[in-house]
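Peer 1: Build the 3D model from these lines:
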Amino acid sequence: MSGSPVSRLGWYARRIARMSPAEMAWRARDQAVQAAWTRRQVRDVQALAGPPSPGVPRFSSVLPAGAAAQVPGQARAALLDAAGRLMKGEWEVLGVTRTDLVQPDWFTDPVTGRRSDPGRYSFRVDHRSQEQTGNIKQVWEISRLQHLTLLATAWYLTREDDYAERVASQLRSWFRENPFLSGVHWTSGIELGIRLISLAWIRRLLDDWPGVTGLFEDDRLAVRQIRWHQQYLATFRSRGSSSNNHVIAEAAGQLAASCAFGWFPESERWRRTAAALLERELVHNTFPSGVGRELAADYQAFVAELGFLAAVEAGASGHPVGAVTWERLTALADSAAALVDERSQPPRQGDSDEGRGLLLDAPVPNRWPAVFALGEALVGRLDWWPPSPAGVESTLAGALASGTPDIPGRPARRPDRFADAGITLLRSDPAEGPEIWCRCDGGPHGFLSIAAHAHADALSVEVRYGGVDILADPGTYCYHGDPPWRSYFRSTIAHNTVELAGHNSSTEGGPFLWVRHARATEIEAADGGETASWTAEHDGYASLDPAATHRRSVRLDRVKRYLEIEDEIRGGHHDLRLAFHCGPEVEAELDGSLAVLRWPQPGPHGPAAGRGRLELPAQLRWSLHRGETDPILGWYAVGLGRRVPAFTLVGRGHSRPGELLRTRLMFTGETALPTLDTSVHALSWDPSAPPGEHTHGNRAETT
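Peer 2: Numbering: from 1, shown residues only. The predicted structure is shown next:
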C-alpha cells in the first residue's frame, strides 16, 4: 500500500492482529507456494503460439436457437448504441471517460498515467501501491473484459463481423501480454473469477462466428490461459478475514469455467470443489433473510448476480447446483427487491464499486432492476417485486437455464424489517403520494474481523421522498489513492448520525480495515399502520472517558407525513456533532435551527418542486456547509470516482446525560416548479443540466 515504510509496517501489524491462527497458517502456506511458483512464471508466449494438443473438444454450452429474437427491442437498441461508442474507443470507466479502447494499454492507469511493469512476477507487485500501479481499480476494470462481452453481444444480435473482429483482436492482445503470473492482472483472485465468466460468455456469444474456434479451442495460448486462470483459483483463494464477496467471485468464476471449458484432466475436480465452495460461501456471506453480511448494499446485488451466473452455467453443463445454493440466491434476490424505494433504487449503505458479474446490456447507473430481471428469469418474481423490464442478460441467461427451481418459503408480502441484518425500513404507501422511504441502521458494523467494506455509520438514517435523496448516505467516492477522501466518506460525520468527541463510532485501521467495531442493538421496531417506529443503540463510544452510549429513535407518521428522530447520549459530557446530509438535488436554507428544503420532484406531469421543513435540535449551534475541502464536508458520491457538492447541516454542542435531541422532517407537498433563489445558501436547479450536475452562480459544481 502507499505511504512511508513506517505507515506500511503499522498497517501490516494492524492487519495481522485481525487474523485468526488458522488464517495466518493459510497465509504462510500461500507465501511459501508463491515463492515456489516463481519458476512457473511465463515471460515469453511465443513458444505457445499455434494449435493446442489434440483432444480439446468443441465448446458445447451454447444458446438455443432463437434466443436472440427474444431480446426486447429497447434493450437491443441501447446495447448497440453503447457498442457503437465502444467501437470508436469511447467508454466510461468508474467516472473516467476513456477514448483509448480501440486498443487499450492493459497496464496504464488513465488517472495518474502510471504504467505497472508487465513482466514483474505477480506476487511481487504491490497492487495497493499507487506508485507501482496507479489507480488499481482503473487498471483492473478493463481487464475484466466486460467491454468485450458487450461487443460479443452486439455481434450475436447483428452478425456484423466488425464487432467479432474487435473482440478477437483485443482478446489475443490480452492473452499475449498477460502470460501466467506476469504483471498486475495475476494479483487478485476476484479479477480472475470475473474474467473467466466473461470468457465463457464471449465464447458462447460468438459460437456461430467462423473465427471462434481459432480464437479459443484451436489456439494453444487461449487454452493455456483458461487453464492458468483455473489453476490459480484452485490454489489461491480468499480466506478468513478476506472471505467476503471476493471468494464468491472466485468460486463463481471457477465453477463457470470448469463447466463451460471442461477440457482439462482437473475439470471435474475443479467443478465439484467450486460448487461446494460457492454453496458454503453463499451461506457464510448472507444472513438467513438474504441480506448480504457485508452490509454494503451494492455488493448484495453483485453477489446475487455472480451466484446466478454460476448456477446457470452449471445447469447448462448438466451439473446443476444444489438446493441450498438456489435457496440462498433466491433469498438474496427477494431481500434486495424488498430493500429498494419506489423507483427501484437500492440503499447506499457501505462501500460500492459498481461491480458487475457480467456485462451484456448497455451500462446504466442503477443495475438493480437488471438483477431483478435476472432473478425473475431464473427463480421467478413474487407479486410484490418492483417491475423489472427484461434485458439482454436476463433474456439470454433465462434461455440458457434448464428450468426454474421451486423454492419454498419465500415471503408472501414485502418485508420491511430484516432483524438479522439490523435493517428496518419505515415507509409510506406510494399510492398515497410520493413514497417516504427511511432506512434505519441498527445492525453489525460489517462482516468479518476487518469489515472491509463497512462505514462508521451506526444508527444512521437514509431518507428519500418519491425516490429523491433528502437525507442521503454519502456513498463511496474512492478506494485507493486518496486517503483523506477515503476516510471522509467512511467516517461518522459523513453520515446522518451523531459523532462524539471527534471520534468515529468504529475505529479505522486502513482503507479496508476497521480495528474496533461498534456494536448496535435494535431495541424495538413497531408498525401500527398510521405510524411506524424504530429504536436502537450502539456502544461505539464505550472507549471514551467517561463511556457513552448513543440511543436513537425514529418515528414515521404516515398520515401527517413527517419523520421524527430523537437522539440521546447516555453517559458523560462530550463534544457532539449531529450531521444531516442532503442529496445533491436538494437546496437548503438555514435560519437558526430551522432548515427549509426544496428539490425538483419527478411526477407524472413533469417536475414539480418538493418542499420540506427540517426542525433541528435548538440546543445545538447549526451551520450549513457545501463542497468544502478543509476540512472535507458537504459531498455526495454519485459513483466511484465521481463526487458532487451537497448541502450538509451540522449541529455542534455538548452531550448531557438524559437530554433528548429532537429532529423533525416534515414533507409539505409539491408545487409547480418556481425559479429558485441563488443566494449564498441556495443552490439553483437547472432542469436542463445533466443528472448530478447543478449550478451555483455561473459555475458548475461537479467534480
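Peer 1: any idea which element L576 lies in?
Peer 2: strand 575-581 (DSSP states H and E).
Peer 1: Give me the residues contacting that strand.
Peer 2: 471-474, 493-502, 567, 569, 595, 614, 616-617, 620, 634, 636, 646-655, 661, 663 (C-beta atoms under 8 Å, 6 or more residues apart in numbering). All C-beta spots, glycine's among them, are computed from the backbone N, C-alpha and C.
Peer 1: Let's test this: mean pLDDT of stretch 525-545, rounded?
Peer 2: Stretch 525-545 comes out with an average pLDDT of 96.
Peer 1: Go ahead and build a PyMOL selection from the buried members of the contacts of strand 575-581.
Peer 2: Here is the PyMOL command that selects the buried residues among the contacts of strand 575-581 (16 or more other C-beta atoms under 10 Å):
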select buried, resi 471+472+473+474+493+494+495+496+497+498+499+500+501+567+569+595+614+616+617+620+634+636+646+647+648+649+650+651+653+655+661+663
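Peer 1: Going by residue numbers, what spans are helices in the stretch 1-150 of the chain?
Peer 2: Ranges of helices in the stretch 1-150 of the chain, per DSSP state H, counting those that start in this stretch, are 5-17, 21-36, 73-87, 130-133, 136-142, 146-158.
Peer 1: what's the closest of those to E266?
Peer 2: E266 sits nearest to helix 21-36 of all the helices of the stretch 1-150 of the chain, at 16.5 Å, using C-beta to C-beta.
Peer 1: centre of the chain versus the closest one, how much separation?
Peer 2: Offset of helix 21-36 from its chain centre (C-alpha atoms, centre = their mean, to the nearest Å): 29 Å.
Peer 1: Surely V247 touches S238?
Peer 2: Yes: if you go by C-beta atoms under 8 Å, V247 and S238 touch, sitting 4.3 Å apart.
Peer 1: what residues do those two have in common as contacts?
Peer 2: G189.
Peer 1: The two - which one has more neighbours?
Peer 2: V247 (23 against 19; other C-beta atoms under 10 Å).
Peer 1: Is my assumption valid that the more buried one occupies a position in a helix?
Peer 2: Yes: per DSSP: H, G, I helix; E, B strand; the rest coil, V247 lies within a helix segment.
Peer 1: Do me a favour and get the backbone dihedrals for the residue nearest to Q300 when sequence neighbours are not counted.
Peer 2: Excluding its sequence neighbours, the residue lying closest to Q300 (C-beta to C-beta, 6 or more residues apart in numbering) is G292, at 3.7 Å. Main-chain dihedrals, G292, degrees, to the nearest 10: phi -70, psi 140.
Peer 1: ok, now R662?
Peer 2: phi -110, psi 130.
Peer 1: so what's it up against?
Peer 2: Counted by C-beta under 8 Å, 6+ apart, R662 has contacts E564, I565, E566, E615, P617.
Peer 1: Who is it paired with across the strands?
Peer 2: E566 (DSSP bridges).
Peer 1: Also the one 5 residues further on?
Peer 2: Each beta-bridge partner of F667 is listed here: G612, as defined by DSSP bridges.
Peer 1: number of nearby residues for it?
Peer 2: Counted with other C-beta under 10 Å, F667 comes out at 22.
Peer 1: Need the per-residue pLDDT for it.
Peer 2: For F667, pLDDT reads 95.
Peer 1: just W326 next, same as before
Peer 2: 98.
Peer 1: is it true that it touches A311?
Peer 2: Yes: with contact defined as C-beta under 8 Å, W326 counts as touching A311 (6.7 Å).
Peer 1: so the closest residue to G409 other than its chain neighbours is in which element?
Peer 2: What sits nearest to G409 in space, not counting adjacent residues and going by C-beta to C-beta, 6+ apart, is E327, at 7.9 Å. Per DSSP H and E: E327 is located in helix 323-339.
Peer 1: of W326 and A311, who's got more company?
Peer 2: Legend: neighbour count by other C-beta under 10 Å for W326 and A311, higher for A311 (29 against 23).
Peer 1: Do you know the pLDDT at W26?
Peer 2: Looking at W26, the pLDDT reads 82.
Peer 1: Please list all residues in contact with it.
Peer 2: R239, G240.
Peer 1: what separates it from I565, distance-wise?
Peer 2: 45 Å (C-beta to C-beta, to the nearest Å).
Peer 1: partner residues bridging L556?
Peer 2: Bridge pairing for L556 - DSSP bridges - gives A532, L563.
Peer 1: Surely it is in contact with S533?
Peer 2: Yes: contact criterion C-beta under 8 Å: L556 and S533 qualify, at 7.3 Å.
Peer 1: hey, what's in contact with both of those two?
Peer 2: By C-beta under 8 Å, 6+ apart, the residues touching both L556 and S533 are L426.
Peer 1: ok, those two, which is more surrounded?
Peer 2: L556 (25 against 18).
Peer 1: Show me what secondary structure element comes after the helix or strand where E462 lies.
Peer 2: Taking DSSP H and E as the definition, E462 sits inside strand 461-465. Counting by DSSP H and E, the element after strand 461-465 in chain order, helix or strand, is strand 468-471.
Peer 1: Thanks a lot, catch you later.
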